[in-house]
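Trainee: A predicted structure for the sequence below; I have some questions about it.
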Amino acid sequence: MQTPLELVFQNVEPSDEVKTLVDQKARHLETFFDGMTACKVYVRAPHKRHKTGNLYEVTIEVRVPGDTLVVRHNQTDVGQHEHIQVAVRDAFATMAREVKRWKDKIGGDVKTHDTPLQGTVTEIYHDAGYGQIMATDHRLVYFHENSVVGGGFGDLERDDTVELVVETEESETGPQASTVRKIGGMAFDPKAKRPH
């Protein structure tokens with residue numbers, strides 16, 4: 001991969017055992033397609049249960065040329081996701097299928113010059129914990145404070161430039177970002193007129 005593996009723990013105590021497992025699984029993904037440029041893994045325990053313990057949610061984002069593949073296994077998927085290793089294993093198994101499906105779909109036609117989706121923060125409500133981004137593809141994308149990585153939601157301001165990953169399934173509010181990262185400059189200006 002072009003960039004190092006990123007692993008983020010939210011409401012979960014980081015462990016070397018999980019870090020090693022994620023690293024092994026990410027390396028295994030590359031055996032299906034060696035052109036992956038980035039892999040980000042989020043391990044969350046969003047709900048606490050008194051009797052059964054935490055049910056873990058694992059989100060994996062893999063950047064491939066011209067696309068980003070996203071898999072999210074949430075706490076309601078499988079009861080066995082009380083065990084963090086099982087949740088990680090299952091999420092990576094699903095991502096392996098996604099990578100194979102993507103590779104079959106594109107065949108040998110891989111574009112390597114595509115840039116990640118970027119945008120500008122147009123609205124941000126720090127007290128309410130959400131905001132909106134005008135993306136370079138001219139979509140207005142909602143984002144929640146939990147989707148901000150590589151810094152903090154509190155550090156974002158209007159007109160900041162960000163890189164984002166949009167969920168494949170739209171929410172009730174329209175397109176929603178699963179990941180938002182503040183960056184320095186933008187390759188494209190979303191306010192510029194579209195070519196006719």
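Mentor: On my side now, so go ahead. Numbering: from 1, shown residues only.
Trainee: list the buried ones in the one helix or strand V41 maps to?
Mentor: Remark: V41 resides in strand 38-44, with elements defined by DSSP states H and E. Of the residues in strand 38-44, 38-44 count as buried by neighbour count, 16 or more other CB atoms under 10 Å. All C-beta spots, glycine's among them, are computed from the backbone N, C-alpha and C.
Trainee: for stretch 143-156, same thing?
Mentor: Applying 16+ other CB under 10 Å to stretch 143-156 flags 143-145, 147-149, 153, 156 as buried.
Trainee: and the biggest helix by length in the chain, what does it pack onto?
Mentor: The longest helix of the chain (DSSP state H) is helix 84-106. Applying 3 or more CB pairs under 8 Å, 6 or more residues apart in numbering; DSSP states H and E, one finds that helix 84-106 makes contact with helix 16-29, strand 38-44, strand 57-64, strand 67-73.
Trainee: sorry, back to before: nearest to A96, of the buried residues of stretch 143-156?
Mentor: The nearest member of these to A96, counting by CB to CB, is V149 at 23.1 Å.
Trainee: contacting residues for the closest residue in space to that closest one that isn't next to it in sequence?
Mentor: Spatial nearest neighbour of V149, excluding adjacent residues (CB to CB, 6 or more residues apart in numbering): R181 at 5.4 Å. Neighbouring residues of R181 by CB atoms under 8 Å, 6 or more residues apart in numbering: 148-151, 162-164.
Trainee: in CSV, list the residues you listed along with secondary structure and pLDDT.
Mentor: Below are these laid out as CSV (DSSP: H, G, I helix; E, B strand; the rest coil; pLDDT from 0 to 100):
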residue, secondary structure, pLDDT
V148, strand, 89
V149, strand, 84
G150, coil, 73
G151, coil, 71
V162, strand, 91
E163, strand, 90
L164, strand, 88
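Trainee: appreciated, that's everything.
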